[in-house]
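>>> Here is my input, please return the structure:
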Amino acid sequence: MRSFLAAVLLTAIAGSASAQFRVEETTIAQIHAAFKGNRLTCHALVAQYLRRIDAYDKKGPAINAIVVVNPDALRTADSLDARFRREGLIGPLHCVPMIVKDNFETRDLPTTAGSLAFQGFISDKDAFQVKRIHEAGAIVLAKSNMAEFAFSPYETVNSILPGYTRNPYALDRVTAGSSGGTAAAVASNMGEAGLGTDTGNSIRGPSSHQALVGIRSTMGLTSRAGVVPLSYAADIAGPMARTVADAVAIFQVVAGPDPDDPVTSAARDHPIPDYTSSLVKDGLRGARIGILRQAYERPTLDTGIVRVFTRAVADLRANGAVVIDSVPTPELDSIFRVQREPCNRFKYDLEKWIASTGNRTPLKTLDDIVKSRRFHPSVQVRLEAAQRATVPPDSQPGCAQVEQLRQDVRRVLGAAMDRLQLDAVVYPTWSNPPRLIGDLNTPHGDNSQVFSPLTGWPAVQVPMGYTRNVLPAGMTILGRAWGEPTLLKLAYAYEQATHHRRPPASTPPLGARR
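Numbering: from 1, shown residues only. From the prediction side, this is the model:
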């Protein structure tokens with residue numbers, strides 16, 4: 001009887017404590033500590049995030065970041081609570097409610113890549129990274145909005161969900177693209193963390209615009225299997241989170257080889273380290289970091305970005321880093337000026353993915369999609385241009401020229417970093433603040449398309465402050481292939497020294513609404 005009463009009492013205490021637990025700006029470590037201290041249940045945690053989605057995604061500020069909520073989220077939470085009572089934490093992401101971009105295949109939720117062309121498609125398998133987070137104990141809380149087919153780095157709008165996804169820091173501003181829905185949802189505390197994809201910008205750009213941490217890995221370290229492609233030559237999938245530690249916890253789970261993505265065969269020669277060992281507060285001490293001015297200096301560079309980045313560089317130095325003011329790579333100027341033929345691979349990569357689903361998608365070819373008109377008008381020109389490809393990428397001279405460009409950029413930048421003995425280079429992720437929604441005329445400032453995608457080297461985006469007092473700005477830390485431990489150490493030390501991340505005012509704690 002006493003044990004029964006004690007269990008009842010503990011349940012009551014846990015329920016009361018769960019009601020007081022604040023999900024806003026919490027971390028995975030704090031959630032797990034609350035579970036272990038009987039101050040929180042998985043059910044209560046998920047319920048709080050669901051209430052925030054209900055209050056803020058289509059109502060109130062109408063962030064419009066969520067395409068579909070997982071109807072089984074609470075049922076899954078209950079099963080995790082039952083397992084926790086028997087076994088404790090079942091994995092490093094036990095009951096981490098995650099927001100997953102709508103181009104990751106999920107066997108229990110639709111996958112559309114933002115397009116009406118794929119409306120109703122539900123895969124019979126999870127994407128590799130989704131499978132990995134499930135195995136680690138995470139819950140896919142919702143699928144998030146994206147730029148249709150991941151085409152746009154500038155805004156998050158498509159045909160599957162009416163309207164734009166809004167930047168929670170300024171509701172009239174864009175989220176960037178294409179993982180803008182994941183970024184806006186995580187920044188608004190509608191989920192603990194998320195998964196996005198990045199071909200040229202789409203993890204790092206939205207993370208910069210929403211004061212998040214985003215990791216674009218070395219090409220070959222993380223799998224894209226089960227992700228609707230934009231370009232298999234440059235696509236990467238990975239974490240987006242409010243803190244470096246949370247992003248690292250997810251990265252630890254999703255990194256590694258996958259037989260269904262041949263590019264990851266290279267990871268077999270690079271054993272996955274314990275990335276948490278990079279979470280060192282004095283990790284900047286003694287580091288040699290160069291400012292890659294070619295990545296961001298242009299006539300339209302915003303003065304507010306300059307001020308914020310100048311302070312970021314001063315903070316790097318104040319915390320023990322040796323910062324080289326410039327990384328001269330004059331040879332790159334002539335390399336970039338070379339005229340090249342187009343490399344048009346979207347049609348072939350998309351149809352390869354469709355075939356990998358067993359042709360379960362409603363439309364089977366790019367021609368079918370174009371004829372259907374089931375897409376947002378803004379992507380019509382891109383789709384029709386992709387439709388004109390007549391030979392596979394391996395037979396296109398332009399694709400061979402791009403591969404030569406990759407080798408040249410790796411050679412020149414690598415030699416410059418070796419000459420200066422640099423651990424990493426840094427630059428503002430964007431040279432301009434987030435645009436107003438609908439504005440495609442003022443400078444965008446995207447600095448992410450060149451160096452990490454072309455080299456295949458990793459880059460970590462970390463918040464570095466705000467322009468106009470409210471608009472987030474971010475810093476990119478770029479390093480050599482397989483150099484994630486170094487980059488994560490630098491990013492964590494900078495984050496811990498500055499603590500720039502703050503929640504957006506448009507989505508406050510529910511009890512604080514006026």
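
>>> can you pull the buried residues of the helix or strand harbouring residue 403?
Per DSSP states H and E, residue 403 falls inside helix 397-419. For helix 397-419, the neighbour count (16 or more other CB atoms under 10 Å) marks 399, 401, 402, 405, 406, 408, 409, 410, 412, 413, 416, 417 as buried. Bear in mind the C-beta positions are built from the backbone N, C-alpha and C, glycine included.

>>> of these, closest to residue 293?
The shortest approach to residue 293 among these belongs to residue 416, at 11.7 Å (CB to CB).

>>> quick one, what contacts that closest one?
Residue 416 makes contact with 290, 327, 328, 329, 422, according to CB atoms under 8 Å, 6 or more residues apart in numbering.

>>> Quick one: buried ones out of these?
The buried subset of the contacts of residue 416 - by 16+ other CB under 10 Å - is 290, 327, 329, 422.

>>> Which members of those residues are positioned in strands?
Counting by DSSP state E, the part of the buried ones among the contacts of residue 416 found in strands is residue 290.

>>> Need the buried ones among the contacts of residue 416 in TSV (columns: distance to residue 204 and pLDDT).
Listed next are the buried ones among the contacts of residue 416 as TSV, based on distance: CB to CB, whole Å; pLDDT from 0 to 100:
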residue	distance to residue 204	pLDDT
290	18	98
327	19	98
329	21	94
422	20	98
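
>>> which two from the buried ones among the contacts of residue 416 end up farthest apart in space?
So, those by CB to CB: farthest apart are 329 and 422, at 11.8 Å.

>>> List the pairing partners of the helix or strand hosting residue 196 within its sheet, with orientation.
Taking DSSP H and E as the criterion, residue 196 maps to strand 193-198. Sheet neighbours of strand 193-198, with direction, are listed as strand 97-101 (parallel), strand 236-241 (antiparallel) (DSSP bridges).

>>> Can I get it in CSV? Just the C-alpha atoms.
Output of strand 193-198 as CSV, limited to C-alpha atoms (Å, rounded to 0.1, in the frame of the first residue of the first chain):
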residue,chain,number,x,y,z
ALA,A,193,15.2,21.6,-32.4
GLY,A,194,14.8,20.7,-36.0
LEU,A,195,16.2,19.2,-39.2
GLY,A,196,16.8,21.2,-42.4
THR,A,197,18.6,20.8,-45.7
ASP,A,198,21.3,23.0,-47.2
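
>>> And the average pLDDT for it is what?
Average pLDDT, strand 193-198: 98.

>>> So which of the contacts of residue 416 is the closest to residue 56?
Of all those, residue 290 has the smallest distance to residue 56: 40.6 Å, by CB to CB.

>>> beta partners of that closest one?
residue 324, residue 425.

>>> Okay, it and residue 347: tell me how far apart.
Distance, residue 290 to residue 347, using CB to CB, to the nearest Å: 39 Å.

>>> could you pull out the helices for the stretch 1-150 of the chain?
2-20, 28-36, 42-56, 73-87, 128-135 (DSSP state H, counting those that start in this stretch).

>>> The closest residue to residue 503 other than its chain neighbours: what's it in contact with?
Closest residue to residue 503 apart from its sequence neighbours, by CB to CB, 6 or more residues apart in numbering: residue 25 at 5.5 Å. Residue 25 makes contacts with 189, 242, 501, 503, as judged by CB under 8 Å, 6+ apart.

>>> what two of those residues are the furthest from one another?
Taking CB to CB, no two of the contacts of residue 25 sit farther apart than 189 and 501, at 11.6 Å.
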